[in-house]
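# Coordinates for the following, if possible.
(chains A and B)
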There are 2 protein chains.
Amino acid sequence: MSIETTATIASFGGKLLKLKHKSSNTNTDMAFNLYLPPQALKSDAKVPVLFFLSGLTCTGDNCSEKGFFQHGASEKGIAVVYPDTSPRGLQIEGEDDAYDFGSGAGFYVDATKEPWTKGYNMYSYITKELPDALFAGFKELDSSRVSITGHSMGGHGALTLFLKNPGKYKSVSAFAPIANPINCAWGQKAFKGYFGEDQQEKWKQHDATELVKQWKGPLDMLIDVGTGDNFYKQGQLLPENFIKAAKEAGNDKGINLRMQPDYDHSYYFMSSFADEHVAYAAKHLGV
Amino acid sequence: MSIETTATIASFGGKLLKLKHKSSNTNTDMAFNLYLPPQALKSDAKVPVLFFLSGLTCTGDNCSEKGFFQHGASEKGIAVVYPDTSPRGLQIEGEDDAYDFGSGAGFYVDATKEPWTKGYNMYSYITKELPDALFAGFKELDSSRVSITGHSMGGHGALTLFLKNPGKYKSVSAFAPIANPINCAWGQKAFKGYFGEDQQEKWKQHDATELVKQWKGPLDMLIDVGTGDNFYKQGQLLPENFIKAAKEAGNDKGINLRMQPDYDHSYYFMSSFADEHVAYAAKHLGV
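The predicted model follows:
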């Protein structure tokens, strides 16, 4: 489907495009943002791409405004894609009732439980439909060099999409990821809703801590979590479970989990380390 | 009056403090934010200070979240103060009726017209009461090294406060300033409301284009304006008038007005050049 540009905004020497297209995965229009760095504006440009997956309640706008990925992306010459976090306006009963389920909370899975099957297919949308549309529509993007990162629910998305698709992404990093959703309240609510309570195998297929156990070969990751993050303190993130599982599987050597003193769960935290996550992706993207 | 800390947020290795205090200038509580860079957290620290004056509708929070000043301030070791843009909740009839007058639109002047004299004294608040409270409360701030910058209405504030107080600020810069308020709709509405229609001399005392004509000695300034800024196109900013007046007075040599191609009036514009404005202040602050 073709992509419509709704706004073009100058940012750090490049352009932030506000875009929308019809999605057959979600059965809705989907809005998203694309940052084209200055290097992408030359006629024969081919720049690598970093997907940023946002957290609960967010759209692609939050990180575009407050995450400061554009700063590093402009320097390194990386395009950044900021997708939305769910379909919106499907008219499913209850879709707007909670901040942590339904609208703004797609959890980067394909729902198998009615009525959410109607369009809550963010896994397919992010891994297939959106990149296909992007690479068809923007010849300046290099489909062979793609990395992924994300925050909170989007950190869960980044880790699981990376682990489920070996070779698809050149690198993964995460900010305060929900690293073991089957063992925290947010994840249990989402997976119960989108898959059903009795679908434990399905749950495990979207849990980074379960997936890391099966990873073959070397593993390289950058993960930041703030020690002042209330959701970390409440046991919603569980990065230690992820590290423990990786260690037991012999896959922990390349995982750099940094506990950042005093940082919270907000974009103040994200923006403070955005440059480093972009630099980490850049290294793997060959720029 | 003592300052109360309502939140402490880790940001770029330093701390963003959300603060409030009672102001006798505004007759209200005033909220503001203070960014302490990592260099300020050492026991015997003494860091210079950059005041950032916000534009219409904003509080100190907008730029703290979206302006990206903390990035450069952290590197250079400069504290940043983000004040509010007006008193709030004075119960003056009509104070919340317009985005460009009353609440969120104090214009950095001391009102002389009733009923705004009740507390619309942002000039005195920003130049005297707030710095006095800050330097009394935070010994890590160096009162002898202070610079000022701002955006839109706050750019007007930065320019006029600098020009009206020779020596008080080590440097001034501005983003999309309202550079000649007596000749634009925003400024005329504000000055009519706060001073009265017949107070032309008073109007001129708060107009950067008028003030620059009287400046004695060398003048050094950095001003960025986006060519895609709708308010620039509508004649609300008038930077050319400012440059023309400075030139006629022989004061234009050190004014670096940069017309930034395609940039708009938003924080996307601001954040793109925040590092450069912090570096500009740093040079004058001796860091």
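# Can you give me the distance of A:N121 to A:T160?
Separation of A:N121 from A:T160 (CB to CB, to the nearest Å) stands at 15 Å. In this view, the C-beta of every residue, glycine as well, is placed from N, C-alpha and C.
# higher neighbour count, these two?
When A:N121 and A:T160 are compared for neighbours, A:T160 comes out ahead with 29 against 25, by other CB atoms under 10 Å in any protein chain shown.
# Near chain B, which residues of chain A are found?
A:9-13, A:15-16, A:65-66, A:68, A:70-71, A:226, A:228, A:260-264, A:266-269, A:271-272 (CB under 8 Å from any CB of the partner chain).
# Geometric centre of chain A: which residue is closest?
A:L53 (2.4 Å; CA atoms, centre = their mean).
# Report the beta-bridge partner residues of that one.
In this entry, A:L53 is beta-bridged to A:G150, by DSSP bridges.
# My read is that it contacts A:H151, right?
Yes. Between A:L53 and A:H151 a contact is recorded at 7.4 Å, counting by CB atoms under 8 Å.
# Give me the phi and psi for the closest residue to A:L238 other than its chain neighbours.
Once flanking residues are discounted, A:L238 sits nearest to A:N180: 4.0 Å by CB to CB, 6 or more residues apart in numbering or on different chains. Dihedral angles of A:N180 (phi, psi; degrees, to the nearest 10) stand at phi -150, psi 60.
# count of residues packed around A:N180?
Neighbours of A:N180 under the rule other CB under 10 Å: 24.
# Kindly provide the distance from it to B:G167.
In terms of CB to CB, A:N180 sits 59 Å off from B:G167.
# do the same with A:G67
On the measure of CB to CB, A:G67 and B:G167 end up 39 Å apart.
# ok, the two, which is more surrounded?
A:G67 (22 against 6).
# for that one, phi and psi?
Taking degrees, to the nearest 10, you get phi -90, psi -20 for the backbone angles of A:G67.
# Touching, it and A:M270? I think so.
Yes. Counting by CB under 8 Å, A:G67 does reach A:M270; the two are 5.1 Å apart.
# mind listing what's buried in stretch A:229-249?
A:229, A:231-232, A:236-239, A:241-243, A:245-246 (16 or more other CB atoms under 10 Å in any protein chain shown).
# Out of those, which is nearest to chain B?
A:D229 (10.1 Å; CB to the nearest CB).
# follow-up on the earlier one: overlap in contacts of A:G67 and A:M270?
Shared contacts of A:G67 and A:M270 (CB atoms under 8 Å, 6 or more residues apart in numbering or on different chains): A:H151.
# follow-up on the earlier one: take the residues of chain A next to chain B and keep only those in helices.
Those of the residues of chain A next to chain B mapping onto helices are A:65-66, A:70-71, A:267-269, A:271-272, per DSSP state H.
# Which one (most neighbours) among those residues?
Most neighbours among these, by other CB under 10 Å: A:Q70, with 28 neighbours.
# thought that one was touching A:L34?
No. Checked against CB under 8 Å, the pair A:Q70 and A:L34 is beyond contact range at 11.1 Å.
# Find the residues that touch each one of the two.
In contact with both A:Q70 and A:L34: A:16, A:80, using CB under 8 Å, 6+ apart.
# in chain A, which spans are helices?
Using DSSP H, helices in chain A cover A:60-66, A:69-76, A:122-124, A:130-137, A:153-164, A:185-195, A:200-204, A:208-213, A:230-233, A:239-248, A:267-285.
# As TSV, the ones you listed with distance to B:S43 and mean pLDDT would be great.
What follows is the helices of chain A, written out as TSV (distance: least, CB to CB, whole Å; pLDDT from 0 to 100):
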stretch	distance to B:S43	mean pLDDT
helix A:60-66	32	97
helix A:69-76	31	98
helix A:122-124	49	98
helix A:130-137	51	98
helix A:153-164	36	98
helix A:185-195	41	98
helix A:200-204	50	97
helix A:208-213	41	98
helix A:230-233	29	98
helix A:239-248	33	98
helix A:267-285	23	98
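# looking at these, which is buried most?
helix A:153-164 (a mean of 27; mean count of other CB atoms under 10 Å in any protein chain shown).
# can you tell me how far A:V81 sits from A:R145?
13 Å.
# what do you get for A:D207?
Distance, A:D207 to A:R145, by CB to CB: 28 Å.
# if we can go back for a sec, might one say that the residue nearest to A:L238 is in contact with A:K244?
No. If you go by CB under 8 Å, A:N180 and A:K244 don't touch, sitting 9.5 Å apart.
# quick one: low-confidence parts of the stretch 1-150 of chain A?
Counting by pLDDT under 70, the stretch 1-150 of chain A shows low-confidence ranges at A:1.
# Could you give the number of residues near the residue of it found nearest chain B?
Of all residues in the stretch 1-150 of chain A, A:A10 sits closest to chain B, at 4.2 Å by CB to the nearest CB. A:A10: 20 surrounding residues under other CB under 10 Å.
# which residues sit in contact with it?
A:16, B:226, B:228, B:260-264, B:268-269, B:272.
# closest to A:K139 among the residues you listed?
A:L16 (18.6 Å; CB to CB).
# can you pull the contacts of the residue lying closest to the closest one once chain neighbours are set aside?
Sequence neighbours aside, A:I9 is the residue nearest to A:L16 in space, at 4.4 Å (criterion: CB to CB, 6+ apart). A:I9 makes contact with A:15-18, B:264, B:266, B:268, according to CB under 8 Å, 6+ apart.
# Which two of the residues you listed have the greatest separation?
A:L17 and B:S266 (14.7 Å).
# Skipping adjacent residues, who's closest to A:V212 in space?
A:A246 (4.7 Å).
# Is it correct that that neighbour is in contact with A:G254?
No. Under the criterion of CB under 8 Å, A:A246 is not in contact with A:G254, lying 9.1 Å apart.
# Mind listing the shared neighbours of these two?
Going by CB under 8 Å, 6+ apart, residues that sit against A:A246 and also against A:G254 are A:L219.
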